[in-house]
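**Student:** Output the structure for:
(one chain, ligands or ions: 2)
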Amino acid sequence: MVLPALFEKTRVVAEKTGKVAYLMEASRQVLWNIGSSRFLDICTFVTAVSLAAGFSGRIRAWLRGRKGTAAGQVSERLRALLRAVSSQKGMIRGGMYLGMHRCIVYGMLFLFTGTVMLAIEMHLGVNFIHGAVYLAFGLIVDLAGIAVLIGLSLAIYKRYVVRPDRLESGLRDIFPLMLLAMVVLSGFLLKGVRIVATADPWAVWSPVGHAFALLLGVPLDQHGALRLHRFIWHGHVVLSFSLLALAPWSKLLHMLAVPLSIFSRFPITMRMAAGFSEDSGRGAWTVADCTRKQLVETDACVECGRCKKLCPVFLGGMPFAPMILLKRLRNLVRKGRWTSPLAGQVIDEAALWSCSLCLSCEERCPMNGEHGFGIVAIRRGENERNRVPAMIAARFDRNLASLADASNCPTAPHPGFDVYLWPGCKESNPDQSEILRNVQQLLKKAGVNFSVLEPPACCGGPVRRLGNEPLFQRNVALNVGYLEKLKNATVVTCCPHCFNTLGNEYPVFGANVKIMHHAQYLSGLAADKMLLPGKSSALKAAYHDPCFLGRYNGEYTSARALLESVAGLSLIEMKHSRQKSLCCGSGGGTVAAETARQAGQRLLTRICEEGAEAIITGCPYCREILRAAAMEQASEKPVAILDVAEILHRAEIP
Ligand code: SF4
Ligand code: SF4
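**Tutor:** Ligands and ions are numbered 1, 2, ... in the order given. The predicted model follows:
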């Protein structure tokens, strides 16, 4: 509808100006009113030198990093990259701001394509932008320019008017936005002046340029328009080439680094499983020990601050979040300080050992940063130099002592059971035993033939997260030997940390059992009608997704399915649930009691604000932290905090 109307208007204008014959040959002369291409050639040369020097410097710096632990999955990663780039989803959240980023990216893509087409015409001497192509070209370029300006206005509004705390708003952030806006505006101005000077009969096909021409037409005579056109043309060329030339030296570099970072990302489970004993899995002690992916991330980070938003360490008041780490690392890389130690220089020591590896930062990061992996690598580096805090060392000592007792454990489980229960760390978390007892009761009622394992060692997950790889592997060796006779048997655990470690990290060490979380196993029994959940008292319940079950393993449905089958329970879905679940602060082997305490308080408060009378979870550590928070808050209307097995067991089971 719009295009035929425009075409008709063009015809009328062309008739009035006596140019109907040229309508179908709509075109314009390349370098009109400029003549020589010398200025363009000089700008092209300077830009090419800047791009070559800038990109080669960045790429050389990235390649100084270690290769990393994983490889392969090229087609999957390419697909993920194409999805991210084409839809922009995940990069930006929130309808308006997603629209903002799309306007800028797609608009720039069209403008860049238009510029390349003009360059081809000019350098190859072919004239393919004429007639209908020319008219469509003018229209599309104008619309693309408007889209970019709308996107930029929203970006500036967000960063400098709304000013969310998490966003950086320095010169590095405003400069590319302003430069791009000036390129687009000068382009429109240039078009407007040309339309005035040539009395362009096809002007309506460039509606924005036409509007500028109408504004400029009153004070300008043709001679003035020609002079002004030459002046603006030179300014527009300088601005456009500056934008290009500064790409490797400014925040615009993220246009290359973000896609690279997205392409180089592997799921956390695969990263952790990939042998840390290889050279590529050594700890990161200095800047030179960082992986290539981490170095790319320093340039890909757009300082959006989303990693801060739910980080228990940052919210706990420590000056740390992945954004801060990457910024410091980038400064060191730019200064060539490859031998600077990471702990203390890019991350404060207290923060290093407080990170719960909850991965909420990774989940939110638009450039798919592998932040959890980076933290573990630095912890490994500290371990390799015996630089661990006393509390962590004490934890390792306790683990070592338990290994010494392993000789008292049975050497192998009894075979022949349908399912084996992995007991988890009963000593460090008594809640584990309580949950285990409930699971045992449920299995008995369901008539399952089960046995409780007596493994010689802890699964080793916490010591691995704390960076003590040799100690982890000693735990693994004992447990893999113990599990050897249970080939393909089903092992059920109540702990998401054991579930993650045994399921994702043991197979490379030779374990050959099927690991299930108890919510998964129980929901299977319920689906087979072996377990019939009954009634609970009328309760509004919220399910809290444990990080190592949800974000690490994508398990969000089993516990919900079970809870929905309990009559009387009405399950509410919280704002911060599933991938966006808040961390309780206790994972990742962390011993930062204060960070965990604050995180537990925050989590409890947010859940209660959503009207929950009961909080159900699937992790003994989340349960323990939440219960401690509830005791501290000592509310008049206490909230019940239970494991999914407990609520099932409490409900009447026929
Ligand atoms: S993994 Fe969790 S605690 Fe660690 S930096 Fe990321 S958000 Fe913060
Ligand atoms: S690390 Fe990721 S989430 Fe954090 S500021 Fe950088 S781009 Fe944003």
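**Student:** mind pulling up the phi and psi values for the residue nearest the centre of the chain?
**Tutor:** Nearest to the mean C-alpha position of the chain, by C-alpha atoms, centre = their mean, lies Cys365 at 2.6 Å. Phi and psi for Cys365, reported as degrees, to the nearest 10, are phi -70, psi 120.
**Student:** Excluding chain neighbours, what is closest to it?
**Tutor:** Cys307 (5.6 Å; C-beta to C-beta, 6 or more residues apart in numbering). Just so you know, the C-beta spots here come from the backbone N, C-alpha and C atoms, and that holds for glycine as well.
**Student:** give me every residue that touches the one you found.
**Tutor:** Shown in contact with Cys307 (C-beta atoms under 8 Å, 6 or more residues apart in numbering): Ala321, Pro322, Met323, Cys361, Arg364, Cys365, Gly369, His371.
**Student:** element containing it, please.
**Tutor:** Taking DSSP states H and E as the criterion, Cys307 maps to helix 306-309.
**Student:** do Leu642 as well
**Tutor:** strand 640-643.
**Student:** Using PDB, write out every CA atom in the next helix or strand along the chain from that strand.
**Tutor:** Where DSSP H and E defines the elements, the next helix or strand beyond strand 640-643 is helix 644-650. These are the backbone C-alpha positions of helix 644-650, laid out as PDB (Å, rounded to 0.1, in the frame of the first residue of the first chain):
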ATOM      1  CA  VAL A 644      10.500 -32.200  48.000                       C
ATOM      2  CA  ALA A 645      10.800 -35.700  49.500                       C
ATOM      3  CA  GLU A 646       9.600 -34.400  52.900                       C
ATOM      4  CA  ILE A 647       6.500 -32.800  51.600                       C
ATOM      5  CA  LEU A 648       5.700 -36.000  49.600                       C
ATOM      6  CA  HIS A 649       6.300 -38.100  52.700                       C
ATOM      7  CA  ARG A 650       4.100 -35.800  54.800                       C
END
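**Student:** If we go by neighbour counts, what in stretch 419-428 is buried?
**Tutor:** Val419, Tyr420, Leu421, Trp422, Pro423, Gly424, Cys425, Ser428 (16 or more other C-beta atoms under 10 Å).
**Student:** The first one against Gln520, yeah?
**Tutor:** Translated: Val419. No: assessed by C-beta atoms under 8 Å, Val419 is found out of contact with Gln520, at 11.6 Å.
**Student:** show me the contacts for Val302.
**Tutor:** Lys251, His254, Val258, Pro366, Met367.
**Student:** which SS class is the last one?
**Tutor:** The reference is to Met367. What DSSP: H, G, I helix; E, B strand; the rest coil gives for Met367 is coil.
**Student:** picking that back up, check the average confidence over the helix holding Cys307, would you?
**Tutor:** The average pLDDT within helix 306-309 is 92.
**Student:** How about stretch 537-544?
**Tutor:** On average, stretch 537-544 scores 90.
**Student:** could you dump it to PDB, C-alpha only?
**Tutor:** Taking C-alpha atoms only, stretch 537-544 is exported to PDB below (Å, rounded to 0.1, in the frame of the first residue of the first chain):
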ATOM      1  CA  SER A 537      -2.700 -29.100  54.300                       C
ATOM      2  CA  ALA A 538      -3.800 -26.200  52.200                       C
ATOM      3  CA  LEU A 539      -0.500 -24.300  51.500                       C
ATOM      4  CA  LYS A 540       0.800 -21.800  48.900                       C
ATOM      5  CA  ALA A 541       4.100 -23.300  48.100                       C
ATOM      6  CA  ALA A 542       7.000 -22.000  46.100                       C
ATOM      7  CA  TYR A 543       9.700 -24.200  44.600                       C
ATOM      8  CA  HIS A 544      13.200 -22.900  44.800                       C
END
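**Student:** Report the buried residues of it.
**Tutor:** For stretch 537-544, by 16+ other C-beta under 10 Å, it's Leu539, Ala541, Ala542, Tyr543, His544.
**Student:** So which of these sit within helices?
**Tutor:** The helices, defined by DSSP state H, take in nothing from those.
**Student:** ok, back up a step: tabulate the contacts of Cys307 (CSV), appending pLDDT.
**Tutor:** Listed next are the contacts of Cys307 as CSV, based on pLDDT from 0 to 100:
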residue, pLDDT
Ala321, 94
Pro322, 96
Met323, 96
Cys361, 95
Arg364, 91
Cys365, 94
Gly369, 94
His371, 94
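**Student:** If anything else comes up later, I'll come back, but that's it for now.
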